[in-house]
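Asker: pasting the sequence and the predicted coordinates here, then a few questions.
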Amino acid sequence: MNFQQIAKKINAYERLMRLDKPIGILLLLWPTLWALLIAGNGKPDWIVVLIFVTGTVLMRSAGCVMNDIADSQYDGLVERTQHRPLPNNEVSKKEAYVLALILSLVAFGLVTLLNFLTVKLSIIALFLAATYPLTKRFFALPQAYLGIAFGFGIPMAFAAIHDHVPPVAWLMLLANVFWAIAYDTAYAMVDREDDVKIGIRSSAITFGRYDVLAVMVCYAMTIGLLAVVGYQLQMSLLYYFGLFFASGVAAYHYSLIRLRDRVACFKAFLSNNWLGASVFFGLLAHYLMSLYF
């Protein structure tokens, strides 16, 4: 195999892991960072943070590979996914299985540096990541399952720092479920016509003509639950300013998705990064103020 062939194969692996599309990493990372800040009272151990950030990248990559393995027979039939490495035969299924296994093992190896409760929770997280693609075959709201999978870093973060998972962590996980339904429904609106043809389930199909309303209700539930979290933890106004900006991002998304244009819906999905960032920087501002002023 010459250099050009090696470079082409590496590029195919990168695209299979979606390293060329970091939005998924960010949507997985923001809730974990929220939890690490809260669990660490604004000063989480940086070794723990590094383990979680690295593990997030690894598990998101592994999840994308698992998803493409499960969807390999469908991706070639969908406009947005027809050029992915598996349907294009740039990567074999055997290579994909090996890659997913290596990524998962490295991520698990990192988790073993933490306490036993976190290790046990990581096994559940792996199960969620591996089984999410299958829910699209039979579950009317696979986006809700995705929200649990994408938010499971929340209880793991509390477990890593406190060796137990307090009720507020589960409340945050519920908020993340509603957030995932919101952003992934906008994402599913892009593929709705293709999904109907091939028999894939999604919230966009389930909600039907109420899809836009459902997305906005889920955003409202997300912000509302995070406000309850702030109330329970006696957060300052700085945290609520973060929620205010997050609400502004959600309102902007309404202007994007209300006409159900594919390009605009995809843009709304991508800009959810700013909603997660708004909550994070609200938390960060609160803790910086409480720690240094």
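Answerer: That came through, no problem.

Asker: contacts and neighbour counts: CA atoms only from here.
Answerer: Fine.

Asker: okay, and the residue lying closest to Gly199 once chain neighbours are set aside sits in which element?
Answerer: Leaving aside its sequence neighbours, Gly199 sits nearest to Arg137 (CA to CA, 6 or more residues apart in numbering; 7.5 Å). When elements are assigned from DSSP states H and E, Arg137 belongs to no helix and no strand.

Asker: thought Arg137 was touching Arg201?
Answerer: Yes. Counting by CA atoms under 8 Å, Arg137 does reach Arg201; the two are 6.0 Å apart.

Asker: between those two, which one's more packed in?
Answerer: Shown here are Arg137 and Arg201; by other CA atoms under 10 Å, Arg201 has more neighbours (21 against 13).

Asker: sec struct for the more buried one, please.
Answerer: At Arg201, secondary structure determined by DSSP: H, G, I helix; E, B strand; the rest coil is coil.

Asker: need the contact list for it.
Answerer: Arg201 is in contact with Lys136, Arg137, Phe138, Phe139, Ala140, Leu141, Pro142, Asp195, counting by CA atoms under 8 Å, 6 or more residues apart in numbering.

Asker: out of these, which are buried?
Answerer: Buried residues within the contacts of Arg201, counting neighbours by 16 or more other CA atoms under 10 Å: Lys136, Phe139, Ala140, Leu141, Pro142, Asp195.

Asker: distance of the spatially closest residue to Val78 that is not a sequence neighbour from Asp261?
Answerer: Leaving out its chain neighbours, the residue that sits closest to Val78 by CA to CA, 6+ apart is Asp194, at 5.7 Å. Distance, Asp194 to Asp261, using CA to CA, to the nearest Å: 15 Å.

Asker: of the two, who's got more company?
Answerer: More crowded of Asp194 and Asp261, by other CA under 10 Å: Asp194, with 17 against 13.

Asker: so which bits of the lowest-mean-pLDDT helix or strand in the chain are buried?
Answerer: Here the helix or strand of the chain ranked lowest by mean pLDDT, DSSP states H and E is helix 72-75, holding a mean of 75. Buried residues in helix 72-75, counted by 16+ other CA under 10 Å: Ser72, Tyr74, Asp75.

Asker: ramachandran angles for Phe152?
Answerer: Per-residue torsions, Phe152: phi -70, psi -10 (degrees, to the nearest 10).
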